[in-house]
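> based on what follows, work out the 3D shape:
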Amino acid sequence: MGEVHLEAGGDGPAVLFLHGSGASGAVWRPVLNELRERRIPCRWLVADLPGHGRSAHRQDYSPDGYADPVAKALTGLLPDGSPLTVVGHSLGGLVGMTLADGTRGLTVASLTVVAMKVAWTEEERSRRSALAAKPPRIFGDEEQARELFGRVSGVRGPAFTDEDRNSGITRQDGGHRLSADPGITRAAPATGPELAARMSRVTCPAELACGDQDPGIDPDDMAAVLGHPVTVLPGAGHNVHIERPGLVADLVERALGR
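Here you go, the predicted structure:
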């Protein structure tokens, strides 16, 4: 595994896609398919965040701990000063905000944050801490590991390839397990003042969005904390990029100024 697994394709303005916690870059397949069908010119860049998918594990899973190696992985892929559009889902939105603060040598021209949770209950925090302490579950059957990854990430169904489904599993002790580091939930989730401060340092135009059927996201809370209006996407839950990829493609088109 490299520190950050990064895939690229297409031609045109650069767009970086960042996935949510427990997933891999494979979740963006439906959106990339939609952009291709619409013939939207862009050079897409899809990262597996550190500790996820095909990227290496690390100790620091803070927003900066994610953003620093992603920025490093982009070195050489973009001409100096080349504008970059960043689209992040959930955790990926937080990493996108961090990349867009102007401190890592990237020229982020536009930021789209989709379905980022801004408030956590004590029960949710405790559950995260418990998950971080659990050893990974080893499956003798590779397909069982793929099925678990599909439940965790949403990578399942005909929209995804075998390679996509394999992106979140790895071999261990003669069996298969999720490749994500259990420690990704060790860091306390960012909320309130920290999120507001990070958003205030974003140096480019930003659009926030969430599905109207996302049980964990209140658009009013999201808007209040981050200080921006939120576009509510109809008929979509948390994984809007999988459930309603056309709506996310609309956001990408808007970010590119089309």
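> who's the closest residue to residue 25 other than its chain neighbours bridged to?
Take residue 25 and drop its neighbours on the chain: the residue closest to it by Cβ to Cβ, 6 or more residues apart in numbering is residue 46, 3.8 Å away. To be clear about C-beta, it is placed using only N, CA and C from the backbone, and glycine gets the same treatment. With DSSP bridges applied, residue 46 shows beta-bridge pairing to residue 7, residue 17.
> could you give the number of residues near residue 46?
As a burial measure, residue 46 scores 23 neighbours (other Cβ atoms under 10 Å).
> for it, give its distance to residue 127.
Using Cβ to Cβ, to the nearest Å, residue 46 is found at 28 Å from residue 127.
> thinking again about what came up before, quick check: the residue nearest to residue 25 touching residue 6?
Yes. Counting by Cβ atoms under 8 Å, residue 6 is a contact partner of residue 46 at 7.1 Å.
> what about the helices in the stretch 1-150 of the chain?
With DSSP state H, counting those that start in this stretch, the ranges of helices along the stretch 1-150 of the chain come out as 29-37, 63-74, 91-99, 122-133, 142-153.
> just the buried residues of the last one, please?
Same thing as helix 142-153. For helix 142-153, the neighbour count (16 or more other Cβ atoms under 10 Å) marks 144, 145, 146, 148, 149, 150, 152, 153 as buried.
> contacts for it?
Helix 142-153 is contacted by residues 19, 22-24, 26-27, 137, 139, 155-156, 165-166, 168-169, 175-178, 180 when judged by Cβ atoms under 8 Å, 6 or more residues apart in numbering.
> tell me the buried residues within these.
Applying 16+ other Cβ under 10 Å to the contacts of helix 142-153, the neighbour count classes 19, 22-24, 26-27, 139, 155, 165-166, 168-169, 176-178, 180 as buried.
> related to what we said a few turns ago, please identify every residue contacting each of residue 46 and residue 6.
Between them, residue 46 and residue 6 share no contacting residue under Cβ under 8 Å, 6+ apart.
> still on that earlier bit, including pLDDT and distance to residue 100, could the buried residues of helix 142-153 go into TSV?
Conversion of the buried residues of helix 142-153 to TSV gives the following (pLDDT from 0 to 100; distance: Cβ to Cβ, whole Å):
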residue	pLDDT	distance to residue 100
144	97	39
145	97	35
146	97	34
148	97	33
149	98	29
150	98	31
152	96	27
153	98	24
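> what is the nearest of those residues to residue 31?
When the buried residues of helix 142-153 are compared for distance to residue 31 (Cβ to Cβ), residue 153 comes out closest, at 14.2 Å.
> still on that earlier bit, ok, of the helices of the stretch 1-150 of the chain, where does mean pLDDT dip lowest?
Mean pLDDT per stretch puts helix 122-133 lowest among those, at a mean of 90.
> can I get it as CSV, trimmed to CA atoms?
Written as CSV, here are the backbone C-alpha positions of helix 122-133 (Å, rounded to 0.1, in the frame of the first residue of the first chain):
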residue,chain,number,x,y,z
GLU,A,122,-22.2,11.1,23.6
GLU,A,123,-23.6,7.7,22.6
GLU,A,124,-22.2,8.2,19.1
ARG,A,125,-18.8,9.3,20.5
SER,A,126,-18.7,6.2,22.8
ARG,A,127,-19.5,3.9,19.9
ARG,A,128,-16.7,5.4,17.8
SER,A,129,-14.2,4.9,20.7
ALA,A,130,-15.3,1.3,21.1
LEU,A,131,-14.8,0.6,17.4
ALA,A,132,-11.3,1.9,17.5
ALA,A,133,-10.4,-0.5,20.2
